[in-house]
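Chemist: when you get a sec, could you give me coordinates for this:
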Amino acid sequence: MTQWYYADASGQRQGPFSAEELEGHVRHARLGAASLVWREGLQDWQPLSSVAAELGLPLDAPAAPAMDAVVPAADAPYTPPTADLASFQPVVAGHIVHGGLWKRFAASFIDGIVTTVVSYALMIPLMLIGVGVMGAGGSDNPFATGAGLASMLAIYPILFLAPCIYFGWMQSSSLQASLGKLAVGIKVARTDGQRMSFWRGFLRSLAYLVFTMVTCGLGVLISGLMVAFTDRKQALHDMLCDTLVVDKWAFTAFPERQRDELGVVTIVILVLAGLMIFGSLAIYGVMGALMMKGLS
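Modeler: Numbers count the residues shown, from 1 in each chain. This is a model prediction of the structure:
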């Protein structure tokens, strides 16, 4: 039986459906003549009007000219390049390439820059508002002092909320990955291959931040060791939230596209991260030596 898919109003792929189910969508006005549909054997998405005769659908709109269809070999399933892979049910069979320590470190380096920029973009205006309110009100005005302090104290929740919202939003989207993970070719999924929800992604990030804070930073090292030595390369927050970090082609119809090697982008990011870390240590070392020299 031929399986059909259609693109909804937000551009997400829905399906599969039988021809009878597709006809039901037309009857209930969920699909129209201009709605885009696809089945295996078509090179790309087609307006419903162009395949109405094939489906036996009476549509008022005139049929649009269909694009040339290319039927691939039977052993080479084809998906339109504009389709959203994440809307398919995940393929759980076969080998899964997990995101290892170095890929995750490279992704964290990029995401750390992103979340730092976003956090400071939110915190600096609040700090300026707080200082301005306190200065305008004078030191003898308790209301101005209280309002200023409240504005400045609001920066602390931002340190938690900004990264949690960022990771929750990005990793629950159709991409299933933050900007850093996109760069190195990995994504986050449930252990059954499904996309996780926003709140699961939010709590996953929050669990990592709280664990790092409670352990005074040792949580970063512990998480790295867990990723390096556990079977499915899960850190504590992955285990708590039932998630995996895997290659971007894992749980798809194309598992053969997964790659175990680091890749050029990951290597470049690791080199840049190493240069920044060692450069920072060198600067701190020079400053410490100058201070010691000045004290002596």
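
Chemist: quick one, helices of the protein?
Modeler: 19-27, 52-55, 101-137, 142-153, 155-171, 179-184, 198-214, 218-229, 236-241, 264-295 (DSSP state H).

Chemist: just name the most buried of the ones you listed.
Modeler: helix 179-184 (a mean of 22; mean count of other CB atoms under 10 Å). Every C-beta, even on glycine, is put in place using the N, C-alpha and C of the backbone.

Chemist: just the CA coordinates for that helix, please, in PDB.
Modeler: Extracted C-alpha coordinates of helix 179-184, given in PDB (Å, rounded to 0.1, in the frame of the first residue of the first chain):
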ATOM      1  CA  LEU A 179      24.200  25.400  17.600                       C
ATOM      2  CA  GLY A 180      27.300  23.700  19.000                       C
ATOM      3  CA  LYS A 181      25.900  20.200  18.400                       C
ATOM      4  CA  LEU A 182      24.800  21.200  14.900                       C
ATOM      5  CA  ALA A 183      28.300  22.300  14.100                       C
ATOM      6  CA  VAL A 184      29.800  19.000  15.100                       C
END
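
Chemist: ok, and what's touching that helix?
Modeler: Identification of contacts with helix 179-184 by CB atoms under 8 Å, 6 or more residues apart in numbering yields 99, 103, 106-112, 114, 170-171, 175, 187-188, 245, 248, 263, 265-266, 269.

Chemist: including distance to Pro255 and mean pLDDT, could the helices of the chain go into a markdown table?
Modeler: As requested, those are exported to a markdown table (distance: least, CB to CB, whole Å; pLDDT from 0 to 100):
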| stretch | distance to Pro255 | mean pLDDT |
| --- | --- | --- |
| helix 19-27 | 28 | 82 |
| helix 52-55 | 31 | 86 |
| helix 101-137 | 17 | 87 |
| helix 142-153 | 49 | 70 |
| helix 155-171 | 21 | 92 |
| helix 179-184 | 18 | 96 |
| helix 198-214 | 24 | 95 |
| helix 218-229 | 21 | 92 |
| helix 236-241 | 20 | 95 |
| helix 264-295 | 20 | 91 |
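
Chemist: quick one: contacts for Gly56?
Modeler: So Gly56 contacts Ala19, Glu23 (CB under 8 Å, 6+ apart).

Chemist: I should have written Ser205 there, sorry.
Modeler: Contacts of Ser205 (CB under 8 Å, 6+ apart): Pro163, Cys164, Tyr166, Phe167, Gly168, His237.

Chemist: nearest to Gln12, of these?
Modeler: Gly168 (18.8 Å; CB to CB).

Chemist: looks like that closest one contacts Val188 (just checking).
Modeler: No - using CB atoms under 8 Å, Gly168 is not in contact with Val188, being 10.5 Å away.

Chemist: anything in contact with each of those two?
Modeler: Gly201, Arg204.

Chemist: of the helices of the chain, which is nearest Ala33?
Modeler: helix 52-55 (7.5 Å).

Chemist: what packs against the closest one?
Modeler: Taking 3 or more CB pairs under 8 Å, 6 or more residues apart in numbering; DSSP states H and E as the contact definition, the neighbouring helices and strands of helix 52-55 are helix 19-27.

Chemist: which strands or helices does the helix it packs on pack on?
Modeler: Using 3+ CB pairs under 8 Å, 6+ apart: helix 19-27 touches strand 4-7, helix 52-55.

Chemist: can I get these in a markdown table including distance to Glu20?
Modeler: Output for the helices and strands packed on helix 19-27, formatted as a markdown table (distance: least, CB to CB, whole Å):
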| stretch | distance to Glu20 |
| --- | --- |
| strand 4-7 | 10 |
| helix 52-55 | 9 |
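
Chemist: so for Val71, what's the pLDDT?
Modeler: Per-residue pLDDT puts Val71 at 34.

Chemist: residues contacting the residue nearest in space to the middle of the chain?
Modeler: Centroid-nearest residue in the chain: Ala177, 2.2 Å away (criterion: CA atoms, centre = their mean). Residues near Ala177 by CB under 8 Å, 6+ apart: Met170, Gln171, Ile186, Lys187, Val188, Lys248.
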